[in-house]
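Peer 1: got a predicted structure plus its sequence, pasted below:
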Amino acid sequence: MFLDPLKMQTAPMAVLLVFAKRDSQCSALSRAADLGRYVCHAAQTADAAIHLYEEHRHQVVIVDSRPKRGFEAEAFARQIRAISGSEYSVLVAVRPANVSEKEDQSILPLLRAGFSRQFVENVNVNACLSELRWIEHGESRPAQSRLSAAQAAFMAVEHSTDAVEITNENHEIQYVNSGLEKMLGYSEDELVGKNFQDISRSDRTRGDVIEAMNDQLRSGKPWHGSYHIRRKNGEDVPHRCRTFPVFGAVGKISHFVTIRNSLLENSNASDQTNGCSNQSPVSEALDRRCRLESSSKVHSMTIEAPITKAISMVSSLQETCPVSIVRSLDRVLEVLRSSELYSPYFTQQVRNDKMTSELVGGLMKKMDDDVLAQKKVSSTKRLSCSSENHCLMRSHSRMSGLTSSGDVEMVLDAEDQWNFDIIQLEKLTEKRPLVHLAMRTFQRYEVLHFLQVDDALMYSWLQMIEANYHGNNPYHNSTHAADVMHATSYFLACDIIKSTFDQSDEVASLIAAVVHDLGHPGKTNSYLVNSSNELAVLYNDLAVLESHHVSLAYSLTLKNDSVNVFRNLSRDSYRSLRQQIVDMVLATEMTKHFEHLNRFVSVISQPPVDENKDSSSSQRILFHEATAKKLSSAENRTLIRRMLIKCADVSNPARPLPLCIEWATRIADEYCQQTDDEKAQGLPVVMPMFDRKVCNVPKSQISFMDFFIHDMFEAWSKFCSLPEMLKHISDNYKYWKERESFAGEQNPNDQD
């Protein structure tokens, strides 16, 4: 796109004649100016000429430089060129027609003084008019007009809110505007002359993106897309980029012009004032051009998945939207085109926090390929799956003498309260709280009626399940399973859940909570993978423990009819219930934490409270019916079930302080045992912060709450209206913060 000054409406050319004496040459030029309908002024002194020039800014200044005319032409030319804006004027030196060999014929002094061209004296009016028209329509004045137009364009670019840079064909920066300085944090002096791709390269931008961009630009085609650039302070900035090649001499690319917009800014707030866009017409035209190109690419795709349909719909919508909306939708498309829609972006602050990064790495990473490639673990150092299963298959007959004392019943009476003391129940039942609590809770939710089983069958099944939890685990034992089931039942009692779930959802949630850690060996997935444990081999290193828990639960249940609580269900009911249970248990895998959380937040939002007192009762009824219909869809109930068991599984920080402290001590002890085993067996230490010599329980709790708890429970509390949990989380966080600095050398078992 070119801004052609020859097509712009311009005022008549103004001519200034500077002659010390009004002679025939001056008169001829004046007459020619009149014939050409130019504005013409004349001055006989330098001061008068300067005054006229400053007032009228003549496009052409003709100066008498003939010798012995009483006028210093070169000195005057320097005075003119010293005036700001004089570069847009053409200075013409009148030279004598007949020059003797003794006189200097060189024009270099005139050029150095600032003259643009020379005119050999000629008193013929037509010759003078031809000179003026040549200046107006030939090379000199059009060049000056283009310079003036370019200056105006640069002024517009300089004050544009877009970030703009101009580079040469080697991507060396020739010009940057204030917008780019602001985006990158560099000054103009720090950028000009540097290679833009070198100075702003981000580790988050794949090399193939830059290579594809350069290939397209070298072919002479514009490129537009999104990628990350690095600011001076090291921060990575996602932005939308549009780069256009500029062709110079002999059709070769001489420059690249790039327009950038940060994707972190809200263009709707900054680009519109009183409903009108501040975007320039040129930028709008470029946006429309990019919009059509982007749309054509999407429409040419084969629609195979819902996400491609969504992209196509957004792209189609762009064709009829205002430019400001198009720019926002461009950002939506960039997000939708991401290959990992729900993967979190770990901030620099998280990466710099050693405790948090180690904790997250230990809980979330699937495996270390380099470590596995180098480490050979002997079979004697591995957890034996066969020996585990032998232990897990032990008889549950030793639990047949279970009785409920009056103290147990008194504790169970508070089963529907959030401050229910599961640790007290553990003590009173001699570490067998699951059977007692589950029987009471299952009766409240009519689980036995749904499954069509009697008390004896359910009692036997619960005994078997509890017997196959490892009682020697400090944390992952049947008490933890009972605690998670209690949190699950508490969540099921929330109004929004009761209005959304059917009984199948409730039964699946409670059973999933009971079996969600069945047969847990007290070690993390990373440990099992690094040690080449048979479970890791069986499940291909993916969701090893979670797959084992639910598989073991069904294996034990189905092999013996005397404990098969599913035996009376129809085939369809059994398959539906099993699908829900399996999905919920697998949702507890920490590597999927952010995927489940982000899906829940993006799809399931808290229904807005209808606070309009003027609305009719019928309107409010319709409002709540629409909300219930949306939440009750199969897809949304799946998201809610996943979030429910996830929150129940890690609800310890949301419990009253004494329970929070107890569970924090237990999990730290279990992780320290894993670290001891890793050191003894020569395995990679997955979570170095859980070393008994340096373990800091408060610090580990703070990191866990910062990274996993706060956002998840804020979203869950907003959905279920559970302010008391947020209060507990806040109080417990303050407690750990107060003890963070002096708890570093304490043993986990010694923590208050």
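Peer 2: Looks like it arrived, so ask away.
Peer 1: ok, which stretches of the stretch 101-250 of the chain are strands?
Peer 2: Listed in chain order, the strands of the stretch 101-250 of the chain (DSSP state E, counting those that start in this stretch) span 117-120, 163-168, 173-176, 223-230, 236-247.
Peer 1: I'd like these written out as TSV, with distance to Ile199, mean neighbour count and mean pLDDT added.
Peer 2: No exception for glycine: its C-beta is placed from N, CA and C like everyone else's. Formatted as TSV, the entries for the strands of the stretch 101-250 of the chain read as follows, by distance: least, CB to CB, whole Å; neighbours: other CB atoms under 10 Å; pLDDT from 0 to 100:
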stretch	distance to Ile199	mean neighbour count	mean pLDDT
strand 117-120	42	16	91
strand 163-168	11	20	91
strand 173-176	8	20	91
strand 223-230	8	19	83
strand 236-247	13	18	86
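Peer 1: turn those into a markdown table, including distance to Leu726.
Peer 2: Converted to a markdown table, those look like this (distance: least, CB to CB, whole Å):
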| stretch | distance to Leu726 |
| --- | --- |
| strand 117-120 | 80 |
| strand 163-168 | 41 |
| strand 173-176 | 47 |
| strand 223-230 | 34 |
| strand 236-247 | 31 |
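Peer 1: start to end distance for stretch 180-192?
Peer 2: Distances were taken as CA to CA, to the nearest Å; on that basis the terminal residues of stretch 180-192 are 12 Å apart.
Peer 1: repeat for stretch 221-239
Peer 2: Distances were taken as CA to CA; on that basis the terminal residues of stretch 221-239 are 20 Å apart.
Peer 1: list the buried residues in the lengthiest helix in the chain.
Peer 2: Of all the segments of type helix in the chain, defined by DSSP state H, the longest one is helix 657-681. By neighbour count on 16 or more other CB atoms under 10 Å, the buried set for helix 657-681 is 659-675, 677-678.
Peer 1: heading C-terminal from the lowest-mean-pLDDT helix or strand in the chain, find the next helix or strand.
Peer 2: Least confident helix or strand, the chain: helix 385-392 with a mean of 36, by mean pLDDT, DSSP states H and E. Toward the C-terminal end, the helix or strand that comes next after helix 385-392 (DSSP states H and E) is helix 406-412.
Peer 1: now do whichever helix or strand comes after that following helix, average pLDDT.
Peer 2: Moving toward the C-terminus from helix 406-412, the next helix or strand (DSSP H and E) is helix 422-428. When pLDDT is averaged over helix 422-428, the result is 96.
Peer 1: by contact count, what packs against helix 422-428?
Peer 2: For helix 422-428, the packing partners by 3 or more CB pairs under 8 Å, 6 or more residues apart in numbering; DSSP states H and E come out as helix 406-412, helix 433-444, helix 478-492, helix 657-681.
Peer 1: buried stuff in the first one?
Peer 2: Using 16+ other CB under 10 Å as the burial criterion, the residues of helix 406-412 that qualify are Val408, Val411, Leu412.
Peer 1: and that helix, what other elements does it pack with?
Peer 2: Packing partners of helix 406-412 (3+ CB pairs under 8 Å, 6+ apart): helix 422-428, helix 433-444.
Peer 1: compare the ones you listed and give me the one nearest Glu190.
Peer 2: Evaluated with CB to CB, the helices and strands packed on helix 406-412 place helix 422-428 nearest to Glu190, the distance being 60.8 Å.
Peer 1: winner for burial among the helices and strands packed on helix 406-412?
Peer 2: Per-stretch averages of neighbours, counted by mean count of other CB atoms under 10 Å, single out helix 433-444 among these, with a mean of 23.
Peer 1: tell me the first helix or strand C-terminal of that one.
Peer 2: Toward the C-terminus, helix 433-444 is succeeded by helix 447-451 as the next helix or strand (DSSP H and E).
Peer 1: over that following helix, what's the mean pLDDT, rounded is fine.
Peer 2: Rounded to a whole number, the mean pLDDT of helix 447-451 is 97.
Peer 1: and that helix, how far from the chain's centre?
Peer 2: When distances are taken as CA atoms, centre = their mean, to the nearest Å, helix 447-451 is centred 46 Å away from the chain's centroid.
Peer 1: who's in contact with it?
Peer 2: Helix 447-451 has contacts (CB atoms under 8 Å, 6 or more residues apart in numbering) with 441-442, 454-455, 458, 503-504, 506-507, 510-511, 565-566, 568-569.
Peer 1: before we move on, back to that, tell me which of the helices and strands packed on helix 422-428 lies nearest to Asn540.
Peer 2: Evaluated with CB to CB, these place helix 657-681 nearest to Asn540, the distance being 21.8 Å.
Peer 1: distance from the chain centre to whichever helix or strand comes after that closest one, please.
Peer 2: Going down the chain from helix 657-681, the next helix or strand is helix 697-704, by DSSP H and E. Distance, stretch centre to chain centre, for helix 697-704: 26 Å (CA atoms, centre = their mean).
Peer 1: what's the angle between the next helix or strand after helix 697-704 and helix 478-492?
Peer 2: Remark: after helix 697-704, the chain's next helix or strand is helix 710-720, criterion DSSP H and E. Note on geometry: by axes from the mean of the first three to the mean of the last three CA atoms, to 10 degrees, helix 710-720 and helix 478-492 are set 40 degrees apart in direction.
Peer 1: packing partners of the helix or strand following helix 710-720?
Peer 2: Where DSSP H and E defines the elements, the next helix or strand beyond helix 710-720 is helix 723-739. Helix 723-739 makes packing contacts with helix 657-681, helix 697-704, helix 710-720 when contacts are defined by 3+ CB pairs under 8 Å, 6+ apart.
Peer 1: just put these in JSON lines and tack on mean pLDDT and distance to Asn170.
Peer 2: Conversion of those to JSON lines gives the following (pLDDT from 0 to 100; distance: least, CB to CB, whole Å):
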{"stretch": "helix 657-681", "mean pLDDT": "96", "distance to Asn170": "52"}
{"stretch": "helix 697-704", "mean pLDDT": "94", "distance to Asn170": "47"}
{"stretch": "helix 710-720", "mean pLDDT": "94", "distance to Asn170": "46"}
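Peer 1: against Leu132, how distant is Val39?
Peer 2: Taking CB to CB, to the nearest Å as the criterion, Val39 is separated from Leu132 by 12 Å.
Peer 1: should've said Ser531
Peer 2: Taking CB to CB as the criterion, Ser531 is separated from Leu132 by 93 Å.
Peer 1: kindly report the same for Ser315.
Peer 2: Between Ser315 and Leu132 the distance, using CB to CB, works out to 55 Å.
Peer 1: which among the helices and strands packed on helix 723-739 is found nearest to Ile80?
Peer 2: With CB to CB, the closest approach to Ile80 among the helices and strands packed on helix 723-739 belongs to helix 710-720: 67.6 Å.
Peer 1: so for Val39 and Leu132, which sits in the more crowded spot?
Peer 2: More crowded of Val39 and Leu132, by other CB atoms under 10 Å: Leu132, with 23 against 14.
Peer 1: right, and the more buried one touches Asp34 too?
Peer 2: No. Contact criterion CB atoms under 8 Å: Leu132 and Asp34 do not qualify, at 10.7 Å.
Peer 1: leaving out sequence neighbours, find the closest residue to Asn652.
Peer 2: Trp663 (3.8 Å; CB to CB, 6 or more residues apart in numbering).
Peer 1: now do the contacts for that neighbour.
Peer 2: Residues touching Trp663, when contacts are defined by CB under 8 Å, 6+ apart, comprise Tyr475, Asp483, Asn652, Arg655.
Peer 1: got a list of what the spatially closest residue to the second one that is not a sequence neighbour touches?
Peer 2: Counting by CB to CB, 6+ apart, the nearest residue to Asp483 once its immediate chain neighbours are dropped is Ile422, at 4.6 Å. For Ile422, the set of contacting residues under the criterion of CB under 8 Å, 6+ apart consists of Pro433, Leu437, Thr479, Ala482, Asp483, His486, Leu659.
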